[in-house]
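Undergrad: Quick one, fold the following:
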Amino acid sequence: MNSLNKVDIIRLVIILILLSFVTIKGVIGSWNEIPSDFPNYYLSSKIFIENNDISKLYDDGWFNERLKKDGYESRGKFSSFPPITSLLYIPLTVFKPLTAYRVLVIFNLGLIFFIAYLIKRIIQWKYLNCLLIILLSGKALVYNILLGQFYLILLLLILLAYFFEKEKLNILSSGIWSFCFVVKYFPIVFLFGYFIEKKFSLIKYFTFWTIGFILLQLILFDFEFIKYYFASILGSHFSGNLSMQNPFAYSFQSWNVFLKNLFVFDPIYNLKPFLNNVFLYESSLWILRISTVFIGGYTIYKYKKAFTSNFLEINIAIWGLAGMVLLPVSATYHFLILIFPILILIQLLYDKMPIWKNVLILLLYSSIGFIPYSVFNSIGDNLGIVFCFPRLFIISLLYLISCYFVIIVSTNNITFKRV
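TA: Next up, the predicted model:
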């Protein structure tokens, strides 16, 4: 039996430390109480199963009264979700709320190890390396488990969709992509790569699946309920205005919110903007969006000129990162999805650039999961708002550096031998 070398021992120690961190913060911390986000999913599924008036789910007042009636202490809402979300936690409704939450926690812990195995199948890394890249997401993983969120399951589905497409199972892959899209719209940025690379068979099946999911919702839900979501909620969500939440809150960590704080006056939330100019806010946001897309497009163009393969992968990596930069609002647990483009990017660049550049990408990625927000907010109170958005600037820097590295390797086209 081969003995472990120093690198293996260090890697194993880091994994054990990170697993302890996730367990202490994400499991033990709330094992005996139900957190704030879980009831939003669980209660909506319970109401659907009970055949109650599901059309009231988008009424925040009614939803909170129902939470209170069912014994939940925290406030909540369903109004950020598409109608199909009310189906997600149906399997958990056979349990009482606290038991259901604990079942989900245990399930999520098991998913960590299965997702690591799936990553190993996809990119042929050592299993411990695959496990490490998941654990390096830090608080993103902790808060997904702690709050009973859906994003670790979503990451699994995204990886499965990618894996099945590589196995030429387009119908199955497109069905999973479609489900991810109708539940959480962000995965559409990855489908953009399939479209650009003319994977029209998958796109065709994706369209059929999406139409099917829409028809399913029309069968299961009242038409006015669905119409209200698209007419009154979806647009507000994309503009970063969520009900019951401060649209200027630093916790959202997005360019949209940062620029709002700089240039938009609000009599309740933002009495002293740097400069009260809505036109400057809107124009700056659009310049940022166009610049981000242009940089991504140019990066992919340079890569495709230099290399003859992995065009889908470079699209997934770059547009996935760009999408994270341009989120109208974000939460820490959203950044679990960052695992997918990051592992694809490192797989592409690993033998094409010095190891320190790969390490830098991983350090920036992992730093997002360990930001001490209270420290930055305290600094921001004294030195300026720019210090209150560390995650925003790290993901933006990660995007720019990744694009720069891709452009450099595309220009030099050098291969580094790895042991």
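
Undergrad: drop to CA atoms for contacts and neighbour counts, all remaining ones
TA: Will do.

Undergrad: Helices of the stretch 1-150 of the chain, start to end?
TA: For the stretch 1-150 of the chain, applying DSSP state H, counting those that start in this stretch gives helices covering 6-26, 38-49, 60-69, 97-123, 127-135, 139-147.

Undergrad: can you list those helices in TSV and add distance to H237 and mean pLDDT?
TA: As requested, those are arranged in TSV below (distance: least, C-alpha to C-alpha, whole Å; pLDDT from 0 to 100):
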stretch	distance to H237	mean pLDDT
helix 6-26	27	91
helix 38-49	17	93
helix 60-69	15	90
helix 97-123	27	95
helix 127-135	28	94
helix 139-147	20	95
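
Undergrad: Which one, of the ones you listed, ends up nearest to W286?
TA: W286 lies closest, by C-alpha to C-alpha, to one member of these: helix 139-147, at 28.1 Å.

Undergrad: what sits up against the closest one?
TA: 22, 25-27, 29-30, 35-38, 104-105, 108-109, 134-135, 149-152, 332-336, 369-370 (C-alpha atoms under 8 Å, 6 or more residues apart in numbering).

Undergrad: filter these to the buried ones?
TA: With neighbours counted by 16 or more other C-alpha atoms under 10 Å, the contacts of helix 139-147 contain buried members at 22, 25-27, 30, 35-38, 104-105, 108-109, 134-135, 149-152, 332-336, 369.

Undergrad: For L154, see how far away the residue most central in space within the chain is.
TA: The centroid of the chain falls nearest to H334 when counting by C-alpha atoms, centre = their mean (3.1 Å). Look at H334 and L154: by C-alpha to C-alpha, to the nearest Å, they are 10 Å apart.

Undergrad: Check V278 too.
TA: Distance, V278 to L154, by C-alpha to C-alpha: 36 Å.

Undergrad: repeat for F206
TA: Distance, F206 to L154, using C-alpha to C-alpha: 17 Å.

Undergrad: the more surrounded of these two?
TA: Just comparing F206 and L154: by other C-alpha atoms under 10 Å the higher neighbour count belongs to F206, 24 against 20.

Undergrad: which stretches of this structure form strands?
TA: In the chain, no segments count as strands under DSSP state E.

Undergrad: Surely A161 touches L169?
TA: No. The pair A161 / L169 is not scored as a contact, 9.1 Å apart, by C-alpha atoms under 8 Å.

Undergrad: where do the contact lists of those two overlap?
TA: Counting by C-alpha under 8 Å, 6+ apart, A161 and L169 have no contacts in common.

Undergrad: Comparing the two, which residue is more hemmed in?
TA: Set A161 next to L169 and count neighbours by other C-alpha under 10 Å: A161 wins out with 23 against 14.

Undergrad: Find the residue closest to that one in space, skipping its chain neighbours.
TA: S173 (4.3 Å; C-alpha to C-alpha, 6 or more residues apart in numbering).

Undergrad: And the pLDDT for the one you found?
TA: pLDDT recorded at S173 is 96.

Undergrad: For it, the count of nearby residues, please.
TA: 24.

Undergrad: residues contacting it?
TA: Here S173 is in contact with 160-165, 202 (C-alpha under 8 Å, 6+ apart).

Undergrad: Of those, which is the nearest to K96?
TA: L160 (30.3 Å).

Undergrad: residue contacts, the closest one?
TA: Contacts of L160 (C-alpha under 8 Å, 6+ apart): 118, 173, 176.

Undergrad: what's the average pLDDT for stretch 191-208?
TA: 93.
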